[in-house]
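A.B. asks: got a predicted structure here, sequence first:
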Amino acid sequence: MSKFQATLRSAVLALGALVFLFPFYYMIIGSLQTKQDASLGGAFPHPSNITGANYSAINDRINLFSGLLNSGIFTAGVLVCTLIFGVLVGYSLAVLQWRGRGVTFALALLVQVVPFQLLIIPLYVLITRTYGLGDNYLGMILPFAINSTAVIIFRQYFLQLPKELFEAARIDGANEFVLLWRIALPLVRPALVTAALLTFIGPWNEFLWPFLITKQASMQPLAVSLANYISNVAATASNPFGATLAGAVVLAAPVVVLFIVFQRYFISTDVGSSVKG
Amino acid sequence: MTTTTGGAETAPSTIAKRRGPRILGKHPLGLLFSAPYLVFVLVVFAYPLVYAVYIAFHDYFFTAPGAVVDRPFVGLANFVDAFTDPDVIRSFGNVGIFLIINVPLTVVLSIVLASGLNKVTHLKAFYRVAYYIPYLTASVAVVAVWLFLFNGSGLVNQILGPLAPSPSWLINSHWAMPSIALFVTWKQMGFYILLYLAALQNVPNELYEAASTDGAGAIRKFFSVTVPGVRPATVLVLLVSTVTGANLFTEPYLLTNGGGPNGASTSPVLLMYQKGIEQGHPDEASAIGVVLVVLVLVIALLQNRFAGGKD
Amino acid sequence: MQRRTKFIGAAVVAAAMIGLTACSGGGSSSGSLTAKGPIKIWYSNNEQEVAWGKATVAAWNKDHPDEKVTGQEIPAGKTSEEVIGASITAGNSPCLVYNTAPSAVGQWVKQGGMVDLSKFSDGAKYIEARSGSQADQYKDADGEYYQFPWKSNPVMIFYNKDLFKKAGLDADNPKLSTYADFTATAKTLVDKGVAPNAILPAPTSEFFQMSFDFYPLYAAESGGTQLVKDGKSTFNDQAGYDAANFWRTLYADKLAGQEKYQGDAFADGKAAMAIVGPWAVSVYKDVNWGSVPVPTKNGTAADKTYTFSDAKNVGMFTACQNQGTAWDFLKFSTSTGNDQKFLETTGQMPMRTDLATTYADYFSKNPSYKLFGDQASRTVEVPSGPNTVAEMQAFRDAWSDSVIFGKGDVKTSLDDAATKIDQLAAEK
C-alpha cells in the first residue's frame, strides 16, 4: 500500500468527518449563544456571547428525567423484542426450510415499503379502541416491537454463513437452539450491533406515534416533549434559535453518548475479524 | 430435533391445515421461530394495511364510535380524484428527482467511505462516531441547524458569496428537492456505512491477496473484489434507500415548511398527511398510498432483479 | 413467478386477519345531555392559559365535589388538531377542549365527534347572549352551534417605533393606512437599511398561514366578508385582487422576504412590522412598538376596519358521558367573572358583545390592549364546513405561486383557486 494512497484516504475520511460533524458543532455553539449570531464569526465561540440559559430554560419547562425514563422504557421494549424475536425470524428465514418462509420474507419486505402515515389512523383506532392501550407503554411499543429492517439484516447475515457449518452440526445432533445460540449468533455479531443501533434510533427519535398515543405529559418520551417545547417556545424565548438548538442537543446527547460507549464493543468485534483476515 | 406440533398451532390456519410429516417443510421449527413475528406483522401491519386498501376504494372518513354513516364502494373514484390533481403528480415527480440524486450518491459514497474506514488504523473510533452522529440524531433536531446553514443569509451562502443561488436553496424551486436529497444522503449515510462495514468483514482476505498476486492495484481490487464482495449489502442499501426516499415526509414537512416553495418539494406522503389527517379525506390519502406502495414494490423488484442475483 | 405467489400469499393471510379483527371493535354508549358527574377537560398549553385553566378548575371543584373536573394541558405541538381527530375516532376524547381551531371543527362534526350545543335547552340562548351577532360565524350550515365561541385574537399591524425613527419616519403617526402609503413606508424602511424586511409573515405553504397575510387584509378591504359565503368563494372580486396585488408588490420589491425567518423576525429587528394578535403585547416587551389596524386600499377608518379573528373555541365531544356537567362547567368558565380572569391572565379577548364596557376598568389600566379590544367586535372567521382545511390549502397553494413567488397572473390564480374552492365547498 503506497504512502500516497494512505494520505488520500485519510484526507477523504477527514473531509467526510468535517462535513458530518460541522452541523453538530454549530448546533452546540448556537445552543450556547445569548444572542443569535448569523455571521461567519458566529461559528466560533465568543466569551461575551455564551450562556447556559437556553438549557436551564428547558429544564424549567420539561421534566427531563421522566422524559428520559419514558424514552428508555419505550426504546428498551422495542430493542428487547427485536433482538429476541427478530433474531429468531432472521435465522429461520435464512437457515431453516419451512412452509410459509417465502410469505414471511415477503411480508417483512412489504413492511419496509409501506409508509407509516398510511397505517397510522387504523392502527391508532385498533390500539386505543380495540386493545385499550392508549396512554400505556405497551401501546407505545407495539407498532415498533419488532423492527423489520433488523429482521432483514439478520437474515442477510445468517445467509452469508456457510451452509455446511449447519449441516455438520446437525449431523452431530445439535438442535436448532444450540445451533443458533452457539454457532450462528457469535458469527453475526456485527449484524447484532448494527441491528441494535438501528433499532435503537427508531423509537428514540420517533415523534408522531408516541405523540398520538400519549395524552398525559408524564408518559411522553423525550422526543415528544422536546418537539413540543421546540414548537411552543420558539415564539417566547429570548433567543428562540438558541432554545431550539439546546432542545436538539438534549435530545441527541444521550444517543451520542451511548454510541460512543458502544463503540468499544464495536472495535472488539473488528479486532476479532481483522485477526481472522 | 424433529417435528414440533406446538409450532403449527400458533401459525396462521391456512398454512397448517394440511396433514403429513413434511407438510410444514424440512424444518417446521422455522414456523415456531417466526410465529411471534408473524403475529406481530399481522396485527400491527397487515390489518391496518388491508384496512387502508379498503378505505381507498370507498367513500370513507373516520367517525366517532357509534356514529352510523354510509360508506359506499366508489371503485376507482378516489384514485381518479387523487391523480387528476396536478400536485399529486408533481409530488411523485419530486420523489423521482429525489431518488435519482439520493440513491446513487448514497451507494457510491457509503461504499467508498466504508472501505476507506475499514482500512484506516488511526482514529477509527472517531471517524465512526463522526459518520454515525447524523443518523443517530432526530430529524427535528438537525433540521434546525440545516435551516440555519442554508437560509438566505446563512453560513453556506455567506461562504459562497455571489455563487449562492437566488432565491436561496430551500425556497428555490430548482434547488429545494436536490437540497432535501443532499440532506437525507448526509443524514442516513452513517447507517449505510455501517452496513457496508459489517459486510466488508465477510469479504475473505484471500481474495485481496489473490488479486494482489495477479498484480491488481487498489482501484482494480476495489472494483473486482470489494464491490462484488459486498453485493448483498448493496442490495439492502438500494432497497432501504429507495424506500426511505419514497416515504419522504419529515424533511419536506420541516425543512421546506410543508413542501415549499409552492409545491416544489412536496412528497406523496406529505400529501397523504395533508389530505388524510389535516383535511379529513383518508380515502384519497389511502389511494395515493396504495399507488405509492405498488410503485415502490415494482422498483424494489426491478432492483432485486438487476442488482440482486441469487437469493 | 415464484415471487408473485409470495406476495399474493401475504395478501391472503392479511385478508384473513381483517376478518378476525373487524368484529372486535368495542361499542360505546353515547352520553346524555343531562348526565352529571366527573368530567375531563383539556386546556391550551401556553403558560398563561394553563394558569387560568388550573385556577378555574380548582374554583369549580371546590363547590362541586360530585362533579369533579380534571384538567390537563392539551397534548399539542404543531399538530394538536391531529390528536383531537384521532381521539374522536378512538372514542377517548375529553369532554371539553378549550382551544379548538374553527378550521377543524367542521371535520369533527362530520366525524360525529361533536356535541350540538344548541340541543341544550339554554344552549343557543346562552351563546348568543354572550357573543351577540358574532356567534353567527360559528354556526354550521344548519344553524347549529357545534362549537362555543370563546375568545378571539384579532390581528393588527405592529410596528417598531425605533426603526421607524431611524428611517426618518413619523413613529407616532405612521403612514400605514392605505396600500400606497404602506408600500411607500415599507420601501423607505428597507431602502434606509433599518431592517432587511419591512414585514415578514411566514411565506410557507401550511394552510393556516393565509390567516396572517391575505385574510386580515381581505377582511378589511371587503368590509368583513368571509372567504366563502353560502358555498361560494368571495375573494375573486376586486377587494381580493387588490389585497393580493398589494402583497405581490411587497414580495416583488423585496420588502417582504420569501423565506421564513428562523426565530422571531420582529423581535430580532429583522422586520420593522408584524401582523400579530393581542398575545404580542406581552411577547414584545423589549420592542418599542406601536399598533395600527391592517391597511386597506383607500384607508378605512380604524373603527370601521375588519380583521381576521384568530379565534379559538370550546368544543364538547360526543365521547363525553356527563354532558350536563360539561355544559354547566362551560357556562361557569365563561361567566363574566371568569372571562375577566381570562382576559387579565392571558390578554386574549373573550368573545363578548360587551367587552369594552364590561371590562372598561381593565382596558383603561392596560391601554395597549384597548385597540385589540375594540377590534374584537369586527372580526371575520374562516369558512365553516367539513372541507375548511382543504379550501384554505387550495388558496394557499395558489397564493404561494402567484403572490409570493410572482408566477403568472394574480387574478387568474385567484379565479382558479375560487373554482377549486367552490367544488370543495359543494362536497359533503
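C.D. replies: That came through fine. Numbers count the residues shown, from 1 in each chain, chains lettered A, B, ... in the order given.
A.B. asks: distance of C:Glu344 from C:Leu96?
C.D. replies: Separation of C:Glu344 from C:Leu96 (C-beta to C-beta, to the nearest Å): 22 Å. Using the backbone N, CA and C atoms, a C-beta is placed for each residue, glycine as well.
A.B. asks: go on, B:Asn94?
C.D. replies: B:Asn94 is 41 Å from C:Leu96, by C-beta to C-beta.
A.B. asks: neighbour count winner among the two?
C.D. replies: Remark: of B:Asn94 and C:Leu96, C:Leu96 carries more neighbours, 27 against 24, as counted by other C-beta atoms under 10 Å in any protein chain shown.
A.B. asks: just give the number of residues close to the residue lying closest to that one once chain neighbours are set aside.
C.D. replies: Leaving out its chain neighbours, the residue that sits closest to C:Leu96 by C-beta to C-beta, 6 or more residues apart in numbering or on different chains is C:Ile41, at 4.3 Å. Per other C-beta under 10 Å, the neighbour tally for C:Ile41 reads 25.
A.B. asks: who are the contact partners of C:Ile41?
C.D. replies: Contacts here follow C-beta atoms under 8 Å, 6 or more residues apart in numbering or on different chains; on that basis C:Ile41 touches C:53, C:57, C:69-72, C:94-98, C:326, C:329.
A.B. asks: nearest to C:Ile199 among those?
C.D. replies: Proximity of those to C:Ile199 (C-beta to C-beta) peaks at C:Tyr98, which lies at 31.2 Å.
A.B. asks: ok, that closest one touching C:Asn45?
C.D. replies: No - contact status for C:Tyr98 versus C:Asn45: not in contact, 10.7 Å apart, counting by C-beta atoms under 8 Å.
A.B. asks: any regions of the stretch 101-250 of chain A where pLDDT drops low?
C.D. replies: A:231-238 (pLDDT under 70).
A.B. asks: which parts of it are helices?
C.D. replies: A:101-113, A:116-125, A:137-141, A:148-160, A:163-171, A:176-178, A:185-187, A:189-205, A:208-213, A:222-233, A:240-276 (DSSP state H, counting those that start in this stretch).
A.B. asks: I'd like those helices as CSV, with mean neighbour count and distance to chain C appended.
C.D. replies: CSV is the format used below for the helices of the stretch 101-250 of chain A (neighbours: other C-beta atoms under 10 Å in any protein chain shown; distance: least, C-beta to the nearest C-beta, whole Å):
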stretch, mean neighbour count, distance to chain C
helix A:101-113, 22, 4
helix A:116-125, 23, 5
helix A:137-141, 20, 11
helix A:148-160, 24, 13
helix A:163-171, 13, 20
helix A:176-178, 17, 23
helix A:185-187, 14, 27
helix A:189-205, 22, 15
helix A:208-213, 24, 5
helix A:222-233, 24, 5
helix A:240-276, 18, 4
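A.B. asks: so which of those helices is nearest C:Gln107?
C.D. replies: Closest among those, using C-beta to C-beta: helix A:116-125, at 12.8 Å.
A.B. asks: so which residue of the stretch 151-300 of chain C comes closest to chain A?
C.D. replies: Closest approach between the stretch 151-300 of chain C and chain A, counting by C-beta to the nearest C-beta: C:Gly263, at 4.5 Å.
A.B. asks: the residue nearest to the spatial centre of chain A - nearest residue in space that isn't next to it in sequence?
C.D. replies: For chain A, A:Ile201 is the residue whose C-alpha lies nearest the centre (C-alpha atoms, centre = their mean; 1.2 Å). In this structure, A:Ile201 finds its nearest non-sequential neighbour in B:Leu136, 6.0 Å apart by C-beta to C-beta, 6+ apart.
A.B. asks: got a pLDDT number for that neighbour?
C.D. replies: Note on B:Leu136: pLDDT of 84.
A.B. asks: can you map out the helices along the stretch 1-150 of chain B?
C.D. replies: Under the criterion DSSP H, counting those that start in this stretch, helices of the stretch 1-150 of chain B are mapped to B:5-10, B:13-16, B:29-41, B:47-56, B:77-83, B:86-119, B:124-136, B:139-150.
A.B. asks: export these to a markdown table and tack on distance to C:Gln423?
C.D. replies: Formatted as a markdown table, the helices of the stretch 1-150 of chain B follow (distance: least, C-beta to C-beta, whole Å):
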| stretch | distance to C:Gln423 |
| --- | --- |
| helix B:5-10 | 51 |
| helix B:13-16 | 45 |
| helix B:29-41 | 40 |
| helix B:47-56 | 21 |
| helix B:77-83 | 11 |
| helix B:86-119 | 15 |
| helix B:124-136 | 44 |
| helix B:139-150 | 35 |
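A.B. asks: how many residues are close by the residue in chain B that chain C sits nearest to?
C.D. replies: For chain B, the residue closest to chain C is B:Ala67, as judged by C-beta to the nearest C-beta, at 2.9 Å. Neighbours of B:Ala67 under the rule other C-beta under 10 Å: 16.
A.B. asks: what about the closest residue to it other than its chain neighbours, which helix or strand?
C.D. replies: Closest residue in space to B:Ala67, ignoring its immediate chain neighbours: C:Gly112 at 2.9 Å, by C-beta to C-beta, 6+ apart. If you go by DSSP states H and E, C:Gly112 is not part of any helix or strand.
A.B. asks: surely C:Gly112 touches C:Thr318?
C.D. replies: Yes - contact status for C:Gly112 versus C:Thr318: in contact at 6.3 Å, counting by C-beta under 8 Å.
A.B. asks: kindly list the main-chain dihedrals of C:Ile275?
C.D. replies: According to degrees, to the nearest 10, the main-chain angles of C:Ile275 amount to phi -100, psi 120.
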